[in-house]
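Q: Here is the input, now give the coordinates:
(2 chains)
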Amino acid sequence: MASNGMKIAIVGGGLAGLAAAMKIAEGGHAVDLFSVVPVKRSHSVCAQGGINGAVNTKGEGDSTWEHFDDTVYGGDFLADQPPAKLMCEMAPSIIYLFDRMGVPFSRTSEGLLDFRRFGGTKHHRTAFAGASTGQQLLYALDEQVRRYEVTGKVRKFEHWEMLSLILDDAQVCRGLIAMDLQTLELKAFPADAVIIATGGPGLIFGKSTNSMVCTGSAVSACYQQGAKYANGEFIQVHPTSIPGEDKLRLMSESARGEGGRVWVPRNPNDTRPPSQIPESERYYFLEEQYPAYGNLVPRDIATRAIFQICIEGRGINGENQVYLDLTHIPAETLDRKLGAILEIYEMFVGDDPRHVPMRIFPGVHYSMGGLWVDYNQRTNIPGLLAAGECDYSIHGANRLGANSLVSCVYGGFMAAPAAIEYAKNVERNGADSSKIYDQELKLQQEINEGLIKQSGNENQYVLHQEMGKWMTDNVTVVRYNDKLKETDNKLLELMDRYKRISINDSNLWATMALPHARHLANMLELARVITLGALNRNESRGAHYKPEFPNRDDENFLKTTIAEYSGEGPVFSYEPVDISLIKPRKRDYSKGKQAAAAAPKQGAPQFVSSGAEQKPANLSGPIVWGQDKEKVNNPLSNDATRREQGKSIDEAGGKTNN
Amino acid sequence: MSTKHSSKPSRVPPKTVEIHIRRRANPDSPQYWEQFEIPYRPNLNIISCLMEIQKNPVNKSGNKTTPPVWHMNCLEQVCGICTMIINGRARQSCSALVDNLEQPIKLEPMSKFQNIRDLIVDRSPMFDHLKKVHAWVELDGTYNLGPGPRMSQQEVQERYAYSRCMTCGCCLEACPQYEGDNYIGPQAIAQVRLFNMHPSGKETREERLEGIMGENGITNCGNAQNCVKACPMGIPLTKAIYEENRETVLHGLLGWLKY
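A: The predicted structure is shown next:
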């Protein structure tokens, strides 16, 4: 169909960005796709274990409602429930779509998709392609988007980095400024809508399981230009990573999903090789502490347990490591189901995990927090949307394993029609408004020139290291208010020292130094949002744990943290969590999950509360999304279920409408 | 871990790591070698060494220099971006461990692609090849049409092997035929195999075969079999070339019979 010269820009070419690009191009509209690396090399490639979708092919009574309940319960009730529910309903059809694209999902003997178990659920709900599911899903979308690149619907700008949004006088997003990472040329790209899909900010913690592009820089730029950042303090630390000099390599949860067991010697002074320690002298602490879920407790819980063992000096040889043991599983099974991740361990550590238990330790992995979005993935800036890890929705206080891939695709699929809808109705800039592009371009050029000219004795890489160490030490697994305050002071100090860095590369062609300096400034801003958000939240919920406030406090903190930028630092406010579908209950993984009680709510459908296994009748129909090329039929977009925050965007949208 | 057994010869760890880097300031300037020395630590990989140099770019002679540049991302040998030539062999620098390398360690950019600066090359021709061979399933649409075709685990595993290609270019670097983008190469041919094996992908197999036929096509393979040895993902590239060669011959023959 005619696109009327409409242009939508997408920043980030991982699963969420590509999913959105595919949908928009399929609708016949033009996409400019920006990525700092060729999109096929995006961080989604690192996701290993699988993608969740309740298809109930194992006769376990699984349902999309059960998946939804696990997600909300696993997220410690901080997630807004309607989008989480919709995601879980979409999940099976998302998996089937990837199946049609040719993703080599593992099969059952009947040739159907196979599903494995993951943390925080008792069901086999995770489809997988070996142990490189993210890679396979990313490639499938990369292929489909390449189709549209050939037809000219998608223009890729790879090795281009977004530096800022272009906002008009009414704070409406009109495009973006991006930098060519080879020439350092800056260019203004007008767009009717911009979708941010740039992933997480792991590099703020120095070393993490994230790829090197995961700086959160573009997201931070949006935040500094007025986008709200929500639940920043919720950072997932993955229980099992392989510590390394340059990064913490992920050891997928699928290792435990396939039967991997976590243990330390019962006697902390036991120095025997693991194979010589008899079963009775091993402390399988997760299985003993959490008999109902054992090694498959959610990540925040497994992480704290491992952390605690090591703090008590009970780690292997007194070091910060515990065993993740697969050696009781036949090597053939391991190769088939986990081959790719075992290769990673072998390659980087040198031991063969088929025969020697792996040594692992928790590592920063995922940000549940991100840009605030409404139920249509729209941020508070008209014309700016966000999808994937960079938005805050879906996961609440803790993300369940194998929910990230599905949430990325869900986010992209929701953002695409919302962006099209917005772009169709937005009033275009008049010819005289070109000055907003020139102004922003000039501003960004001045920042670059300032950095290039600037001289001083501070080293940008040293500052990054210091930030990473402080953030990892104080703003991860266990948080104390005095330490959080100190960390914020440290961040302020680093921001001050940043003014005295000098770019150490006199050759600006394809330099890494200037882009890194830009990232660093943006990372410091986000680091404050994370740290102060944590300081303000005096409770323990999901991944956020304070020994001084060890319990969840629904009365005071069942609310979403919102940070808004100001020159003096982030300004915090809170908004209620939409708990209209499942009433919050205590989260306890030592026992089987209690029956999910549906929350009473006027106007909303009343769900039977007698048991989670009982799927409400009105949810069992076919999923309505995506039957139409042009738009996703989003049951959340009716006014009855939309939150107040969403309304303000409507108003802003209305302003641009006429 | 002191008890870790290893096939490596036991030796006294060196105090330093010596690294020679083949550099270039920009595509128009000549290449030159520069030597660096950094303190040794156990478990260093090439990326960590480069990061160390980047932090404080001083060469072995003690002179301040520009920091070498390279590409990196996942650091788990799955994104393919950090490929370079290390001691004569194309491989990913993230998984190249100093303890397993002969010193001085020599780092060079891949030679078959345009060298942008230092260790960075432009591998966009590889992505263009994917366009040429239509390396995708021609979907009717992304709306909800139910599951894909049933497949046996055996078929899936065969496809999975091809589907792990991360477009790193090691095969093209090793191929004696590939020079100046004169040959579609094993990477793209293996993707043709991947999609021609798929029940829905088969529907458009002829388009893909056209993409690897003709000048610069599959017949340029000289059967050196270097590609399969160079592939870090263990993809059966020569098998793909064999199968697709057969398919193209048949396709050519049938096409000729049609007229």
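Q: Any idea how many residues pack against residue 106?
A: Went with chain A since none was named. When counting by other C-beta atoms under 10 Å in any protein chain shown, one arrives at 21 neighbours for A:Ser106. (Glycine included, C-beta is placed from N, CA and C.)
Q: Oops, wrong one, chain B.
A: As a burial measure, the neighbour count of B:Lys106 was computed by other C-beta under 10 Å and equals 18.
Q: For the host helix or strand of it, give me every contacting residue.
A: Counting by DSSP states H and E, the secondary-structure element that holds B:Lys106 is strand B:105-108. The contact list for strand B:105-108 (C-beta atoms under 8 Å, 6 or more residues apart in numbering or on different chains) reads B:17-22, B:46, B:49, B:84-88, B:93, B:98, B:119.
Q: Could you rerun that using 7 Å?
A: Around strand B:105-108, the neighbours that count as contacts under C-beta atoms under 7 Å, 6 or more residues apart in numbering or on different chains are B:Val17, B:Glu18, B:Ile19, B:His20, B:Ile21, B:Arg22, B:Ile46, B:Met84, B:Ile85, B:Ile86, B:Asn87, B:Leu119.
Q: Return the list of strands paired to that strand, each annotated with direction.
A: Listed by DSSP bridges, the sheet partners of strand B:105-108 and their directions read strand B:16-23 (parallel), strand B:83-86 (antiparallel).
Q: just for the chain, where's the confidence low?
A: No chain specified, so I'll use chain A. For chain A, the stretches with pLDDT under 70 are A:1-4, A:429-432, A:594-658.
Q: Wait, chain B was what I had in mind.
A: Across chain B, the ranges flagged by pLDDT under 70 are B:1-11, B:257-259.
Q: As a check, name the ranges of all helices in it.
A: Per DSSP state H, chain B carries helices over the ranges B:46-55, B:124-132, B:153-163, B:170-174, B:185-196, B:205-212, B:226-230, B:237-258.
Q: Out of those helices, flag the one nearest A:Gly102.
A: helix B:185-196 (6.7 Å; C-beta to C-beta).
Q: Give me the residues contacting that closest one.
A: A:102, B:126, B:129-130, B:133, B:135-137, B:159, B:162-163, B:165, B:167, B:171-172, B:175, B:178, B:201-202, B:205, B:208, B:212, B:218, B:227, B:235, B:237, B:240-241, B:243-244, B:247.
Q: Sheet-wise, list the partners of the longest strand seen in chain A with their directions.
A: With secondary structure taken from DSSP state E, chain A has its longest strand at strand A:358-367. Using DSSP bridges, strand A:358-367 pairs in its sheet with strand A:235-242 (antiparallel), strand A:322-325 (antiparallel).
Q: what's the most buried one of those strands?
A: The highest average neighbour count among these, using mean count of other C-beta atoms under 10 Å in any protein chain shown, belongs to strand A:235-242 at a mean of 27.
Q: Quick one: name whatever helix or strand follows it.
A: Beyond strand A:235-242 on the C-terminal side, the first helix or strand identified by DSSP H and E is strand A:249-250.
Q: what's in contact with that next one?
A: Strand A:249-250 is contacted from outside by A:Cys46, A:Gln48, A:Thr209, A:His238, A:Ser241, A:Ile242, A:Ile344, A:Phe348, A:His365, B:Glu76, using C-beta under 7 Å, 6+ apart.
Q: Let me know the helix or strand that the nearest residue to A:Ile301 once chain neighbours are set aside is in.
A: The shortest distance from A:Ile301 to any non-neighbouring residue, by C-beta to C-beta, 6 or more residues apart in numbering or on different chains, is to A:Tyr589 (5.8 Å). Using DSSP H and E, A:Tyr589 falls within no helix or strand.
Q: show me what contacts A:Tyr589?
A: A:Tyr589 makes contact with A:Tyr290, A:Ala292, A:Tyr293, A:Val297, A:Pro298, A:Ile301 under the criterion C-beta under 7 Å, 6+ apart.
Q: buried ones in the host helix or strand of the last one?
A: By that I understand A:Ile301. When secondary structure is defined using DSSP H and E, the element that contains A:Ile301 is helix A:299-311. Judged by neighbour count using 16 or more other C-beta atoms under 10 Å in any protein chain shown, the buried positions of helix A:299-311 are A:Arg299, A:Asp300, A:Ile301, A:Ala302, A:Thr303, A:Arg304, A:Ala305, A:Ile306, A:Phe307, A:Ile309, A:Cys310.
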